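1. give me coordinates for this.
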Amino acid sequence: MLRTSLVVLVAVTIVAVNSTSSEAQLVVRAMGGTAMEDIYGVGLGASVGFELPVGSKGMFVGARGTYHLGKDLSLAGGLSSETGLLIYGVEFGSAIVTRPILIRSAGLLGVASTSVKNLTGGSVISKLTNNKFVFGPGLLIAVPIGPTHLGVEPRYLRVFGGKSSFAVYGSFSINVDLTP
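-> Model (predicted):
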């Protein structure tokens, strides 16, 4: 999956750098939010990609990673359990509206890596990591402020064989023109 993500990013970089349109942009975005399923906890993440002048509205292709802090559980006998969820993969989308606000369809294809640590007295007694395929359709709704965008991202995280959830992230991005 990582190799595929890197190949896609290299190909998109080549297209973006060789584009003659002034609309090709590098987009670096930070996000934070939460999911409806309590087990996810608060999520923090980032994405990097390219807004490309494809068609009349443009297309986004990039990579995204989000870590959900999970939940700490107290169990009987002085045991406790800590969970976390790392979601990463290829992100893509197409602009639906570009002015006066940006509304873009969003998709994520990647991996949801769940980790569970079982502890007793603060010492780890077992650790389990479980990787599942994730598909995350959603929207990006953002207000442009100069070269930046301030937005909200409602998204459904479909974890195949795991716990799926609806999530909402706030986002802040910086867009850098790639052509002179």
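2. my guess is residue 124 meets residue 115, correct?
-> No. Counting by Cβ atoms under 8 Å, residue 124 stays clear of residue 115, with 11.2 Å between them. C-beta coordinates here come from the backbone N, C-alpha and C atoms, glycine included.
3. for stretch 166-177, which positions count as buried?
-> By neighbour count on 16 or more other Cβ atoms under 10 Å, the buried set for stretch 166-177 is 167, 169, 171, 173, 175.
4. which two among these are spaced furthest apart?
-> Pairwise distances across these (Cβ to Cβ) peak at 23.4 Å, for the pair 167 and 175.
5. OK, contacts around the residue lying closest to residue 120 once chain neighbours are set aside?
-> Spatial nearest neighbour of residue 120, excluding adjacent residues (Cβ to Cβ, 6 or more residues apart in numbering): residue 79 at 5.3 Å. For residue 79, the contact set (Cβ atoms under 8 Å, 6 or more residues apart in numbering) comprises 118, 119, 120, 125.
6. in TSV: these, plus secondary structure and distance to residue 152.
-> As requested, these are exported to TSV (DSSP: H, G, I helix; E, B strand; the rest coil; distance: Cβ to Cβ, whole Å):
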residue	secondary structure	distance to residue 152
118	strand	36
119	strand	36
120	strand	41
125	strand	40
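7. need the max-distance pair from those residues.
-> Taking Cβ to Cβ as the measure, the contacts of residue 79 have their most distant pair in 118 and 120, spaced 7.6 Å apart.
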